[in-house]
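J.: need a 3D model of the following:
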Amino acid sequence: MTPPSGYPIQFQLKDRLCAVVGGGRVGLRKINGLRRAGARVRLVTAVATAQLFARPDIEIIPRPYREGDLAGAFLAFAATDDPRVNAAVAEEARRLNIPVNIADDPEGSDFLLPATFFRGDLAIAVTTGGRSPALAAQVRDHLAALIGPEWETVLEIAAALRQKRLTLPEKAEYNQEILRRLIKEGLPALISGGNAGEVEGLLDRLLGKGFSLADLGIHLPKGMP
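T.: Numbers count the residues shown, from 1 in each chain. Take a look at the predicted model:
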C-alpha cells in the first residue's frame, strides 16, 4: 500500500486575505469556511448574486477572473466550472508563491480541504487525499453523530486542567493519563446528561481538591438535560 503523500496542517487565517475565484456552490462553501476561520475574503465572480452583494464581510470583484486578482493573497482557491480559468488561477498563484486549491484538480492542488465538523475549538477533519470527497463526507457525518456537542465542554475542561497543572507552584507535569481516564470513565456522557455533581465527583476522585468545575472556571452548557 502506497503511504499517503499529504501532510495534515491547519493554517492560522485570522485577518489574512484569501482569494476565491468562482462564486458557485463550491466557491460559496470555501467562502463560508474561510470566514469561519477569520480570514478576509476576496471573491472574483462574473455571476455575483444579490445575496452575495448583501454580505459586507467579503470583498467582491463582479467580473471574470483577470491576472492580478490574487495580489496580496495568502491562499488562493480556483473554484470555477471552467478548467481553463482554474488553470490560469493556479498559474498566477504559483508565480506569486501562493498555495492554491483547484476544485477540479486535487492532484494538481498545493493543498486539499478535508471534510470537517466542529465542536467549539475541537475540529475533526477527514480526508481521502482527494480520491473520494464523497466518502470523506460520509465518514465525517458518521463521526459527527458519535462526537456530540458535549465534547466542546470536554475540551474546555481539558484545556483548563492543562493550564492549571502547568501553573501550579510545584509545576506538576500535565498528565495525559488523567485525561484518558476522565474520558474512559464517562466524562462526555456525564456532561451530555447535565450531571454536574457526578462530573465534580469524577474530577475530585481523579485529581483531588482544587479541581472542581468552579476552580477550573467551567460551567456546564445550558440546554443539556
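
J.: check contacts around the most centrally placed residue in the chain.
T.: Central residue of the chain (Cα atoms, centre = their mean): Ala123, 5.0 Å from the mean position. For Ala123, the contact set (Cβ atoms under 8 Å, 6 or more residues apart in numbering) comprises 10, 116-117. Where C-beta positions appear, they are placed from N, C-alpha and C, glycine not excepted.

J.: now those residues: which count as buried?
T.: Among the contacts of Ala123, those classed as buried by 16 or more other Cβ atoms under 10 Å are Thr116.

J.: OK, contacts around Gly23?
T.: Neighbouring residues of Gly23 by Cβ under 8 Å, 6+ apart: 43, 45, 47-49, 52.

J.: if you set the cut-off to 7 Å instead, what comes out?
T.: When contacts are counted by Cβ atoms under 7 Å, 6 or more residues apart in numbering, Gly23 touches 43, 45, 47-48, 52.

J.: also Ala90?
T.: Contacts for Ala90 (Cβ under 7 Å, 6+ apart) come out as 78, 100, 102, 108.

J.: contacts for stretch 36-44?
T.: Outside stretch 36-44, the residues that touch it by Cβ under 7 Å, 6+ apart are 13-21, 23, 27, 31, 34-35, 58-61, 65, 69, 73.

J.: now with 8 Å, please.
T.: Against stretch 36-44 from outside (Cβ under 8 Å, 6+ apart): 11, 13-23, 27, 31, 34-35, 52, 57-61, 63-66, 69, 73-75.
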